[in-house]
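Asker: Mind looking at a prediction? Sequence and model below.
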Amino acid sequence: MSALLRVERLSGGYEPVQVFRDVDLVVEDRACVGLFGPNGHGKTTLLRTISGLIDPWSGDVIFDGVVLNRPGERRSRSSRNLNYDILVRRRMDPTRVARAGLVHVAQGSPLFPELTVAETLSVAVTAARAGGRAADVDMPYVLFPQLKARRQSKARFLSGGERQMLAMACGMLAAPRLLMLDEPTLGLSPKLRVELADAVHAIRATGVPIILVDQDIEFLRDLVDVLNIFDHGSISAAMARADIPDHDAVMAQMFGGAR
């Protein structure tokens, strides 16, 4: 397999606080790569930086052989009262990232609560077509049969698992060449986590590579080819699926004792 995404010595954060530093990450074609680590250690910030929502401070994001960022390092703000983006061109353009096919499904399944499932998917298709990429409009109902039964229900009336499936369906309608899922099981019951695992398996079956962030080791173990331990803003270990330990062993490794 060839590397579809290569992140090299990527650093970033929120001015003036650096959240992560010198991260190297590789995603092979058709692979699923996991990120596991405590809250507040930079996993979400890393995904937001790879997708260009946050400007990287330094390092490179290389997608299908193309460097998506401008060369050099990000200049620091000279004043907190000035708009940095007006004065200095960003190192990355999130529109360019999305149009390349690198699609980010954000944490918390952000949706329009008053739109129905069908209306939400219609908006997603329209946005994807405007960006030059769009999948088959019927594809979400094939991947997520629960959504077909709920297509006339407003998003605010969906269960947590159904909302997450709808968010992932919107991502898939953008015809991703790589899909980034940020904590899809956040706040879900064990039963709904099983349903979400089935949904991710369905996405994997389409051949779309995935970066999957989650805090449930068992959820990740069943899905990923490689698991990266993300600790204090850097990747401290990487292991193949067969070598992934159980939850207690990972806690002992990271914090010095079982939890």
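Answerer: That came through fine. Numbering: from 1, shown residues only.
Asker: For Glu119, what is the enclosing helix or strand?
Answerer: According to DSSP states H and E, Glu119 maps onto helix 117-130.
Asker: now Leu227
Answerer: strand 226-231.
Asker: hang on, Pro176 is in a helix, isn't it?
Answerer: No. Under DSSP: H, G, I helix; E, B strand; the rest coil, Pro176 sits outside any helix and is assigned coil.
Asker: Tell me who's in contact with it.
Answerer: Listed by C-beta atoms under 8 Å, 6 or more residues apart in numbering, the contact set of Pro176 reads 101-103, 208. The way it works is simple: take the backbone N, C-alpha and C, and place the C-beta from them, glycine included.
Asker: Quick check: next helix or strand after the strand holding Leu227?
Answerer: strand 234-240.
Asker: neighbouring strands for that following strand, and are they parallel or not?
Answerer: Applying DSSP bridges, strand 234-240 is found paired with strand 226-231 (antiparallel).
Asker: At the geometric centre of the chain, which residue do we find?
Answerer: Met180 (2.6 Å; C-alpha atoms, centre = their mean).
Asker: So that one: helix, strand or coil?
Answerer: strand.
Asker: doesn't Thr49 make contact with it?
Answerer: No. Applying C-beta atoms under 8 Å, one finds Met180 not in contact with Thr49, separated by 11.0 Å.
Asker: Touching both of these two, which residues are there?
Answerer: By C-beta under 8 Å, 6+ apart, no residue touches both Met180 and Thr49.
Asker: Distance-wise, check Gln253 relative to Leu212.
Answerer: Counting by C-beta to C-beta, to the nearest Å, the gap from Gln253 to Leu212 is 20 Å.
Asker: Of the two, give the one with the bigger neighbour count.
Answerer: Leu212 (24 against 13; other C-beta atoms under 10 Å).
Asker: Show residues contacting the helix or strand containing the more buried one.
Answerer: If you go by DSSP H and E, Leu212 is part of strand 210-213. Strand 210-213 has contacts (C-beta under 8 Å, 6+ apart) with 5, 25, 27, 31-36, 43-44, 47, 50, 107, 178-184, 200, 203-204, 220, 223-224.
Asker: what does stretch 217-225 give?
Answerer: By C-beta under 8 Å, 6+ apart, stretch 217-225 touches 28, 31-34, 36, 185, 193, 196-197, 200-201, 204, 210, 212, 214, 227, 240-241, 244-247, 250.
Asker: and the helix ranked longest in the chain, which residues are buried?
Answerer: Criterion DSSP state H: the longest helix present in the chain is helix 190-205. Residues 192-193, 195-197, 199-200, 202-204 are the ones in helix 190-205 that count as buried (16 or more other C-beta atoms under 10 Å).
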